[in-house]
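K.L.:
quick one, structure for this:
(chains A and B)
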Amino acid sequence: MSFQAARPLDAWNWLILPGLACLVASLVLALPFQLFGFSWPEPVFVLVPAFVWAVVRPSILPPIILFGLGLCLDLMWGNAAGVWPLSILVGYLAVLATRGMASGQGREANWIWFGLMCGLVELIAYLVTAISTQVAPNLAGAGWQWLVTTALYPIAHRLIERFEDTDVRYR
Amino acid sequence: MSLREGPLQDLKVPLTLAAALAAVVAVVAAIALLISTRREPLQDQVYDAGRVVADRVMGPVSGVLSTPGQWLAAGNSAVGQYLFAVQENKRLKAQVAELKQWRNAAIALEDINSRYRDLLGLKIDPPIPMVTARVVLDSRGPFANTRLANAGKEKGVVIGNPVMSETGLVGRVVGVGDGVSRILLLTDASSRTPVLIDRTNARAILSGDGGRNPTLDYLRGAGAVQNGDSVLTSGDGGVIPRGLPVGTAVKGLDGRWRIRLAADEGGIDFVRILQFKGFADLAHQAALAQTRMPPLTDANPAAVMPMTAPIAPKPSVTPRPVQPQ
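P.N.:
Below you'll find the predicted structure:
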């Protein structure tokens, strides 16, 4: 038995499946369906794997996959191409930069950390949209999206619990 | 010799550093992409091939996925209609009684209108053909408000066509593919629509901001708008016809005039795409092209132009009042 710091991960379960699941979830919530006059919220599901990939096991592939996922969101939602790749990758970089400080913390601390990352991503998207359209987007809408995205942290926590053993440096 | 067996076999790139470098490269790529594709909704070339392909893929997929939701909504609606049938019947009877009065007034006004048109020899706009489409995707985030409808090039939809729901203007087409078209909603941050206040005829620009109630900008004059005023499209610019219902004016919490959209009162599942053509499109282009401009010359215009007799002054006539018969 070797005591390597990191052992290879199954790319399908670690990278591809979460990415595809995020796209499908985003597509389902973008369907034109109203219940009692209310539409579904529109959270940024991609931030869940972005956070987990940066926290548990950084590598070269996740930024490339996040770029692709962000581009898919732009094409699906009708944003200018590049808004979501840029915003998500800035969030990924921020988590990566603070990884050493926050790794191994408890659930609540990680939730706050995830919320801060979501806030940064929303801020970047807000600024890019404001600059490109010359109109300040609706703050309440951005705040609502931040809230529903932050509420997705339990999914990120499940992913962390499942994959944290793959890199002992995280624990 | 593979890399693992070579002199680089002991080389190990720090994971975090490698990830950070890859992310920085991806960020640079995203910024380049953002700069290279500016979002200009009415320019055909901006709606590039990538978006057309993506819409063509997403259209049928989301069409299939949205079908169960539509069945559920239809079932919900049927149950609601059954449970509240008596109440709905009373409301509809009152509405019919009110509408009968409006119908009589409309017939009288139509008669007066047609007489005025005959007297003035006025040429009115031709009727606008429409295409009905089902919405298969509805993006409603703070940074983009668009919809995907399942009618495209094959039905004659073109970029710029206005889109209405059963109750009011929804937006306009910004991208078209085979069997699918992308609609930019009035609430999108990049949407600008020329409108007028029905009561005062004051012009304004309706600007979306990603929220439910877009703002009225460039509104001039004191008292040009009041709470509850109807807002219609002004037709300025020739992209959208005049007189389409947009909504009612309300004062926002931030002190700005906003619009409660009429389209919000209806369903979001079906839309009508108006195949509107502005005056420039309706004009007989072939006949206009045959009209030749006079050649450029440096000669004195007075010498070139044919001499015409000077206009004699009109004799002064005192107008007489018309005597009643």
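K.L.:
wait, B:Leu148 touches B:Val180, no?
P.N.:
Yes: counting by C-beta atoms under 8 Å, B:Leu148 does reach B:Val180; the two are 6.0 Å apart. Heads up, the C-betas are built off the backbone N, CA and C, glycines and all.
K.L.:
intersection of neighbour lists for those two?
P.N.:
Between them, B:Leu148 and B:Val180 share these contacting residues under C-beta atoms under 8 Å, 6 or more residues apart in numbering or on different chains: B:55, B:58-59, B:136.
K.L.:
helices - which of these land there?
P.N.:
Counting by DSSP state H, the part of the shared contacts of B:Leu148 and B:Val180 found in helices is B:55, B:58-59.
K.L.:
out of those residues, which is nearest to B:Ile197?
P.N.:
Distance to B:Ile197, by C-beta to C-beta, is smallest for B:Asp55 among those, at 35.6 Å.
K.L.:
what's the neighbour count on that closest one?
P.N.:
Other residues lying near B:Asp55 total 25 when counted by other C-beta atoms under 10 Å in any protein chain shown.
K.L.:
then A:Val28?
P.N.:
For A:Val28, using other C-beta under 10 Å, the count is 15.
K.L.:
need the contact list for the residue nearest to the spatial centre of chain A.
P.N.:
Ranked by distance to the mean C-alpha position of chain A (C-alpha atoms, centre = their mean), the top residue is A:Leu47 at 0.7 Å. Going by C-beta under 8 Å, 6+ apart, A:Leu47 touches A:88, A:91, A:114, A:117-118, A:121, A:149, A:152.
K.L.:
if we can go back for a sec, out of the shared contacts of B:Leu148 and B:Val180, which are close to chain A?
P.N.:
Among the shared contacts of B:Leu148 and B:Val180, the residues within reach of chain A (C-beta under 8 Å from any C-beta of the partner chain) are B:55, B:58, B:136.
K.L.:
now render these as a markdown table, adding pLDDT.
P.N.:
Formatted as a markdown table, those follow (pLDDT from 0 to 100):
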| residue | pLDDT |
| --- | --- |
| B:Asp55 | 84 |
| B:Met58 | 83 |
| B:Val136 | 90 |
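K.L.:
out of the helices and strands in chain A, which is least certain?
P.N.:
Ranked by mean pLDDT, DSSP states H and E, the helix or strand of chain A with the weakest confidence is strand A:34-35, at a mean of 74.
K.L.:
can you list the residues that contact that strand?
P.N.:
Applying C-beta under 8 Å, 6+ apart, the contact partners of strand A:34-35 are B:73, B:76, B:267-268.
K.L.:
can you select the buried ones among the residues you listed for me in ChimeraX?
P.N.:
In ChimeraX, this line selects whichever of these come out buried by 16 or more other C-beta atoms under 10 Å in any protein chain shown:
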select /B:73,267,268
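K.L.:
for the chain, which segments count as strands?
P.N.:
As the question left the chain open, I've gone with chain A. With DSSP state E, the ranges of strands along chain A come out as A:34-35, A:38-39.
K.L.:
the intended chain is chain B.
P.N.:
B:130-140, B:145-149, B:162-164, B:169-177, B:180-185, B:192-197, B:203-207, B:215-217, B:230-233, B:245-251, B:257-261, B:270-274.
K.L.:
and the stretch 201-325 of chain B, which of its residues are near chain A?
P.N.:
When proximity is defined by C-beta under 8 Å from any C-beta, the stretch 201-325 of chain B lies next to chain A at B:207-211, B:267-269.
K.L.:
so, low pLDDT: which residues of chain A?
P.N.:
A:1-8, A:166-171 (pLDDT under 70).
K.L.:
can you tell me which helix in it is longest?
P.N.:
Using DSSP H to define each element, chain A has its longest helix at helix A:107-133.
K.L.:
let's have the strands of chain B in a markdown table, adding distance to A:Ser39.
P.N.:
Putting the strands of chain B into a markdown table (distance: least, C-beta to C-beta, whole Å) gives the following:
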| stretch | distance to A:Ser39 |
| --- | --- |
| strand B:130-140 | 6 |
| strand B:145-149 | 11 |
| strand B:162-164 | 18 |
| strand B:169-177 | 14 |
| strand B:180-185 | 12 |
| strand B:192-197 | 22 |
| strand B:203-207 | 21 |
| strand B:215-217 | 21 |
| strand B:230-233 | 23 |
| strand B:245-251 | 18 |
| strand B:257-261 | 14 |
| strand B:270-274 | 16 |
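K.L.:
now those strands as TSV including distance to B:Glu98 and mean neighbour count?
P.N.:
Formatted as TSV, the strands of chain B follow (distance: least, C-beta to C-beta, whole Å; neighbours: other C-beta atoms under 10 Å in any protein chain shown):
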stretch	distance to B:Glu98	mean neighbour count
strand B:130-140	27	21
strand B:145-149	33	27
strand B:162-164	23	23
strand B:169-177	24	25
strand B:180-185	31	27
strand B:192-197	24	22
strand B:203-207	29	20
strand B:215-217	29	19
strand B:230-233	17	21
strand B:245-251	18	19
strand B:257-261	21	22
strand B:270-274	25	21
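K.L.:
show me what stretch A:9-22 is in contact with.
P.N.:
Residues from elsewhere that reach stretch A:9-22 (C-beta under 8 Å, 6+ apart): A:45-46, A:48-49, A:52-53, A:57, A:61-62, A:65, A:68-69, A:159, A:163, A:166.
K.L.:
before we move on, back to that, give me the distance from the least confident helix or strand of chain A to the chain's centre.
P.N.:
26 Å (C-alpha atoms, centre = their mean, to the nearest Å).
K.L.:
please apply the same query to stretch B:162-169.
P.N.:
9 Å.
K.L.:
now do the end-to-end distance for it.
P.N.:
Start-to-end span of stretch B:162-169 (C-alpha to C-alpha, to the nearest Å) is 8 Å.
K.L.:
near chain A at all, that stretch?
P.N.:
No: residues of stretch B:162-169 are not located near chain A by C-beta under 8 Å from any C-beta, the shortest gap being 11.4 Å.
K.L.:
rewinding a little: chain B: which of the contacts of A:Leu47 is nearest?
P.N.:
Chain B has its nearest neighbour among these in A:Ile88, at 8.8 Å by C-beta to the nearest C-beta.
K.L.:
ok, now which ones touch the closest residue in space to that closest one that isn't next to it in sequence?
P.N.:
Closest residue to A:Ile88 apart from its sequence neighbours, by C-beta to C-beta, 6 or more residues apart in numbering or on different chains: A:Gly70 at 4.8 Å. Shown in contact with A:Gly70 (C-beta under 8 Å, 6+ apart): A:46, A:83-89, B:30.
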